[in-house]
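A.B. asks: Show me how the following folds:
(one chain, ligands or ions: 1)
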Amino acid sequence: MNPAPRRACVMGHPVAHSRSPMIHGYWLKTLGIPGAYELKDLTPEQFPAFVKNLQANGYVGGNVTVPHKEVAYRLVDGRDAAAEAVGAVNTLWLENGRLMGGNSDTHGFIANLDERAAGWNVPGCRAVVLGAGGAGRSAVYALKQRGVEVDIANRTLARAQELAGRFGAKAHGWDAVPRLLREADVLVNCTSLGLAGKPPLEIELGPLKQSAVVYDVIYVPLETGLLAAARKRGHRTVDGLGMLLQQAGFGFRKWFGGNPRVTPELRKMLEADIVAKTSK
Ligand code: NDP
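C.D. replies: Numbering: from 1, shown residues only. Purely as a prediction, here's the structure:
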């Protein structure tokens, strides 16, 4: 008799907007793997007990999204190096009965940059990261792992300082941005400014070198105001959808095995979904 198909899920609150079921569903189907990937809306009160009983609840693992990533970090029995460094877990799996936590946002961030802007890591590369929340932490860790000099600018200076101290970067207030842009080889937006429904990110790109790469981790809309302005000035641009796609394979391999790949067909499917939902 065949074993029951494996089940994984994405746990968040709210979670209905998540594109993860679309990504994992595509891989399960195209790789011919019997399995399921579901949405689990769990309040902060429900999350800890659900995760501690993941196997009894019928799951081999799952993704963790807002607002549970830091709580997941504290709940697991073991962590990978990226989760340990960043202090947040976005992937859970079971290993010899132990609940393990990893952080694949860091890999997703850098793999997307490698893919969309080959050669970005020029000698003496300097990056300016705007924002010091969860996405900022993943970006700064991943950039430092590649030997990049990182300047972090954030509205709340204390948060930038905490992050900079953790990873050996430099912290600045928002007013330093025009000066920082002059030296930047890579500019990354990790704030929520520019996200659909949020205020725009208002920065003047004038001081930026022509060779600088501009990266926005936001993917709704696909082309943010920042990316549109950068494209018009002739910069290479990188959107956040590739980060979402590139982080997903890590969990899929842990739960289902196989060799999930980010194909142009998969990306087009997600692009179409985002465009359809943001033009409503
Ligand atoms: P957090 O809430 O952890 O951090 C938000 C950041 O935005 C903080 O630095 C905050 O500054 C800043 N910010 C918010 N509002 C303002 C404002 N009005 N003016 C100036 N700064 C502001 O969010 P995350 O880091 O989790 O997410 C940030 C963005 O990254 C989101 O849009 C999310 O969609 C995207 N993201 C994309 C991923 C992908 O796979 N592509 C993965 C994860 C996130 P302060 O510290 O001062 O509050």
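A.B. asks: Skipping its backbone neighbours, what lies nearest the residue of the chain found nearest the ligand in space?
C.D. replies: Proximity of the chain to the ligand (C-beta to the nearest ligand atom) peaks at residue 133, 2.0 Å away. Heads up, the C-betas are built off the backbone N, CA and C, glycines and all. Closest residue to residue 133 apart from its sequence neighbours, by C-beta to C-beta, 6 or more residues apart in numbering: residue 190 at 6.8 Å.
A.B. asks: count of residues packed around that neighbour?
C.D. replies: Number of residues near residue 190 (other C-beta atoms under 10 Å) recorded here: 25.
A.B. asks: Show the pLDDT at it.
C.D. replies: According to the prediction, residue 190 has pLDDT 97.
A.B. asks: Identify the residues contacting residue 77.
C.D. replies: Applying C-beta atoms under 8 Å, 6 or more residues apart in numbering, we find residue 77 in contact with 98, 99, 100.
A.B. asks: now with 10 Å?
C.D. replies: The contact partners of residue 77, by C-beta atoms under 10 Å, 6 or more residues apart in numbering, come to 94, 95, 96, 97, 98, 99, 100, 101.
A.B. asks: and the stretch 51-200 of the chain, which residues reach the ligand?
C.D. replies: Residues of the stretch 51-200 of the chain lying close to the ligand (C-beta under 6 Å from any ligand atom) are 105, 108, 131-136, 154-156, 159, 190-193, 195, 199.
A.B. asks: Make sure residue 198 is actually in contact with residue 189.
C.D. replies: No: Residue 198 lies out of contact with residue 189 (C-beta atoms under 10 Å); the separation is 11.6 Å.
A.B. asks: Quick check: neighbours shared by the two?
C.D. replies: Shared contacts of residue 198 and residue 189, defined by C-beta under 10 Å, 6+ apart, comprise residue 218.
A.B. asks: At the geometric centre of the protein, which residue sits there?
C.D. replies: In the chain, the centroid-proximal residue (C-alpha atoms, centre = their mean) is residue 105; its distance is 3.9 Å.
A.B. asks: who's in contact with the nearest residue to it once chain neighbours are set aside?
C.D. replies: Leaving aside its chain neighbours, residue 105 sits nearest to residue 138 (4.0 Å; criterion: C-beta to C-beta, 6+ apart). Contacts for residue 138 were tallied using C-beta under 10 Å, 6+ apart; they are 69, 82, 85-86, 88, 90, 103-110, 190, 217, 243, 247.
A.B. asks: got it, and residue 128?
C.D. replies: Counting by C-beta under 10 Å, 6+ apart, residue 128 has contacts 149-153, 170, 172, 176-177, 179-189, 208, 212.
A.B. asks: Filter those down to just the ones in helices.
C.D. replies: In helices, defined here by DSSP state H, the members of the contacts of residue 128 are 177, 179, 180, 181, 182, 183.
A.B. asks: In a markdown table: the residues you listed, plus pLDDT.
C.D. replies: Shown next, in a markdown table, are the ones in helices among the contacts of residue 128 (pLDDT from 0 to 100):
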| residue | pLDDT |
| --- | --- |
| 177 | 97 |
| 179 | 97 |
| 180 | 98 |
| 181 | 98 |
| 182 | 97 |
| 183 | 96 |
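A.B. asks: Grab the two from those residues that are most spread out in space.
C.D. replies: Across the ones in helices among the contacts of residue 128, the longest distance by C-beta to C-beta is 11.6 Å; it joins 177 and 183.
A.B. asks: follow-up on the earlier one: Produce a ChimeraX select command limited to the buried residues of the contacts of residue 128.
C.D. replies: A single ChimeraX command is used to select the members of those judged buried by 16 or more other C-beta atoms under 10 Å:
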select :149,150,151,152,153,170,172,176,177,180,181,183,184,185,186,187,188,189,208,212
